[in-house]
Every structure is written in C-alpha cells, then in structure tokens.
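# Predicted coordinates and the sequence they were generated for:
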Amino acid sequence: MLTLLTILPALLLTSSPAFVSHTWLRDHAQDANLVILHVAQNRGAYDAGHIPGAVFLAWNEFVFNGPGAATEMPDAAALEKVFERAGVSEGSTVVVYGDPLMAARAFVALEYIGHQGARILDGGLPAWRSAGYPVSRERVRPRTGTLTARPTSFVVTADTVLAMIDRPNIALVDARPEREFTGEDGGMGGMHAAGHIPTARNLYWERLIESRANPLLHDDAELRRLFEGAGAKPGSTVVIYCMIGMRASWAYAVARHLDYDVKFYDGSWVDWSQRKLPVERQ
C-alpha cells in the first residue's frame with residue numbers, strides 16, 4: 001500500500017518535470033528512495049567509472065526489436081519487471097544518465113508505465129565529473145523494487161498522428177537531422193521513404209544541448225525559441241517523432257521540461273514509411 005512517506009521523495013523534487021542538475025543529485029545522493037540508473041549498451045562504460053550508488057541498466061532491456069519494429073516500447077508488464085530488477089519502486093525518485101539518447105529512452109519508458117519520479121541528469125556523467133564529484137567502479141546490486149505499471153496515453157500510433165496532421169494547435173516535430181527530414185539522404189539509401197510526415201517541422205535533437213560531449217541543456221529561453229521556431233507556440237500540443245524513437249525521446253523530455261502537452265510517436269519514421277502513409281519532401 002502506498003503511503004505519504006512512500007511517495008514523498010518523488011513529490012519533493014524541486015527541479016523541472018524531466019531533469020535534475022548534478023548539484024541536485026549531489027545534495028540528494030543519500031535520499032532513502034533515490035535510484036540512480038547508469039544506462040548504456042554494455043557494462044564497459046559503467047565499470048570504467050560511474051556515479052556512486054548507480055545501478056547499471058542495459059538499454060536493450062527496455063526496448064523491443066523485432067519484425068517491423070526498431071527500439072519500440074515493450075509492453076508495460078515487461079517494462080515493470082525490467083525496472084523492478086533495477087531497484088525501482090512506486091515511490092522511488094529515479095535519476096537516469098548515460099548516453100543522452102539511451103537515458104532519455106529510459107525516461108520515456110518510465111513515464112509510459114506511469115512512474116511519477118523519473119528524471120534525467122542534465123549534462124550526464126560529463127557534468128558530474130566536470131564538477132569534481134567522485135566516481136566509483138563498484139558494481140551495485142540493487143534490491144528488487146515493487147511497481148504496478150499504469151500505462152499512460154502520451155504514446156501515440158500512426159493512426160493518431162495521421163488524424164492530427166491538419167488540426168489547429170498541433171505542432172508535429174521531427175527530431176532527425178535536416179538531411180533525413182528533407183529527404184536529401186534518399187531514405188537512408190532506399191531503406192525507407194525519403195522525407196517527413198506532412199506538416200512536420202524539423203528540430204534536430206542535438207540543437208537542444210551544448211554538444212554530444214557536453215550534453216547540457218541550453219537555457220529555457222533558448223529552448224523555447226527553438227521549439228517555437230518548429231511551430232510549437234505556447235499552448236500547442238507537440239507530437240514528436242524521429243527515425244526509430246531514440247532521438248525523439250530526448251526531444252520529448254525537453255518538451256516536458258518546457259511544460260508542453262506532448263505526445264510521443266514511438267514507431268516514428270520507420271513505422272510511418274512501412275505503412276506507406278503520406279510523405280512530404282522539401
């Protein structure tokens with residue numbers, strides 16, 4: 001049974017709805033219900049040095065690859081088990097970091113199953129190290145958490161996106177590089193249709209951070225300018241996609257940070273292209 005003491009740590013988060021700073025994490029490192037997840041493709045980077053107390057989480061544990069699907073969301077029951085094994089419980093405050101896209105994908109997965117306390121570490125491990133904070137090589141074995149997945153409705157399908165295209169106050173944002181968006185890449189050599197979903201505007205996810213090596217968010221004023229430049233005016237519902245949902249995960253988190261009503265098209269361009277839905281090129 002949930003109690004106020006169980007959920008209080010998540011409710012007391014003072015940073016944005018999607019991100020916490022390295023100073024916040026330092027100050028809250030001893031919180032009883034804090035879970036830190038180091039997300040990576042393999043254990044190499046984790047073993048080389050991670051934030052003290054962090055648990056390793058392989059990114060392929062919380063994505064599904066199969067016929068017609070690339071890094072899509074597994075079902076909620078599967079995600080529940082993955083995050084329980086990583087030590088996440090109902091009242092946990094979960095801070096994820098690692099490769100920015102992998103960390104953002106974990107954030108999206110936690111939000112999808114209804115977890116209220118998930119945050120991304122702004123700047124990731126580089127920001128932590130640059131501040132002079134310690135790292136550890138000790139492998140952390142978490143206690144199994146207790147979760148009840150409550151799937152949320154921000155993840156949308158191709159049919160939903162198709163129905164939204166011509167609606168007023170919908171901003172469809174494509175987080176891919178410009179050449180993929182315009183179709184100059186030829187659909188990755190003909191693997192997919194070349195172009196983008198009609199009415200979409202391009203906002204490459206890397207424009208939202210300083211650089212891949214220094215993945216700190218720009219200030220809020222700059223982030224708002226970038227989103228508004230992609231058609232996301234105040235009060236808009238923002239629908240975000242990319243190629244396979246990875247780059248869109250970061251853009252989704254930033255839109256959440258800016259308090260947009262935001263939807264996430266998980267299947268993204270691969271799914272849209274396979275369905276032979278309308279394509280626009282420019």
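Looks like it arrived, so ask away.

# burial count for residue 195?
Neighbourhood size, residue 195 [other CB atoms under 10 Å]: 23. C-beta here means a position set from N, CA and C on the backbone, and glycine is covered the same way.

# what separates it from residue 215, distance-wise?
Applying CB to CB, to the nearest Å, the value for residue 195 to residue 215 is 28 Å.

# Kindly report the same for residue 190.
In this view, residue 190 and residue 215 are 32 Å apart by CB to CB.

# repeat for residue 209
In terms of CB to CB, residue 209 sits 5 Å off from residue 215.

# Equivalent analysis for residue 23, please.
Taking CB to CB, one finds residue 23 at 16 Å from residue 215.

# Compare those two (neighbour count), which wins?
Higher neighbour count among residue 23 and residue 215: residue 215, with 25 against 14, using other CB under 10 Å.

# Please name the nearest non-neighbouring residue to residue 253.
Counting by CB to CB, 6 or more residues apart in numbering, residue 18 is the residue found nearest to residue 253 once chain neighbours are left out, at 4.5 Å.

# I figured the one you found hits residue 251, correct?
No: taking contacts as CB atoms under 8 Å, residue 18 lies outside contact range of residue 251: 11.1 Å.

# More neighbours: which of the two?
More crowded of residue 18 and residue 251, by other CB under 10 Å: residue 251, with 28 against 22.

# Could you give the bridge partners of residue 262?
Bridge pairing for residue 262 (DSSP bridges) gives the partners residue 238.

# mind listing what it touches?
154, 237, 238, 239, 240, 252, 255, 256 (CB atoms under 8 Å, 6 or more residues apart in numbering).

# Using CSV, lay out those together with distance to residue 219, neighbour count and pLDDT.
Listed next are these as CSV, based on distance: CB to CB, whole Å; neighbours: other CB atoms under 10 Å; pLDDT from 0 to 100:
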residue, distance to residue 219, neighbour count, pLDDT
154, 25, 17, 95
237, 24, 15, 97
238, 19, 25, 98
239, 25, 29, 98
240, 21, 32, 98
252, 19, 32, 98
255, 16, 27, 97
256, 17, 22, 96
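
# Pick the one among those closest to residue 263.
Closest to residue 263 out of those is residue 239 (4.5 Å), distances taken as CB to CB.

# The residue nearest to that closest one when sequence neighbours are not counted: what's it in contact with?
Spatial nearest neighbour of residue 239, chain neighbours left out: residue 263 (4.5 Å); criterion: CB to CB, 6+ apart. Counting by CB under 8 Å, 6+ apart, residue 263 touches 154, 155, 156, 160, 237, 238, 239, 240.

# follow-up on the earlier one: tell me the spacing between the residue nearest to residue 253 and residue 104.
Taking CB to CB, one finds residue 18 at 9 Å from residue 104.

# Find the residues that touch each one of those two.
In contact with both residue 18 and residue 104: 120, 253, using CB under 8 Å, 6+ apart.

# Count residues in the vicinity of the nearest residue to residue 203 once chain neighbours are set aside, would you?
Of all residues not flanking residue 203 in the chain, residue 230 sits nearest, at 4.0 Å (CB to CB, 6+ apart). By other CB under 10 Å, 22 other residues sit near residue 230.

# In the chain, which residue is most central in space?
residue 104 (2.6 Å; CA atoms, centre = their mean).

# Contacts only, for that one.
Contacts of residue 104 (CB under 8 Å, 6+ apart): 120, 246, 249, 250, 252, 253.

# Looking at those, which is nearest residue 270?
residue 246 (11.1 Å).

# Was I right to think that closest one contacts residue 101?
Yes: look at residue 246 against residue 101 with CB under 8 Å: they come within range, at 4.6 Å.

# Spell out the residue ranges of the strands in the stretch 1-150 of the chain.
19-20, 34-40, 55-58, 64-66, 69-72, 93-98, 118-121 (DSSP state E, counting those that start in this stretch).

# Quick one: closest of those to residue 269.
That would be strand 69-72 among the strands of the stretch 1-150 of the chain, by CB to CB, at 10.0 Å.

# Look up how far residue 220 lies from residue 211.
Residue 211 is 19 Å from residue 220, where distance means CB to CB.

# Check residue 264 too.
Separation of residue 264 from residue 220 (CB to CB) stands at 21 Å.

# So those two - more neighbours on which side?
residue 264 (24 against 13).

# doesn't that one fall inside a strand?
Yes: the assignment for residue 264 (DSSP: H, G, I helix; E, B strand; the rest coil) places it in a strand.
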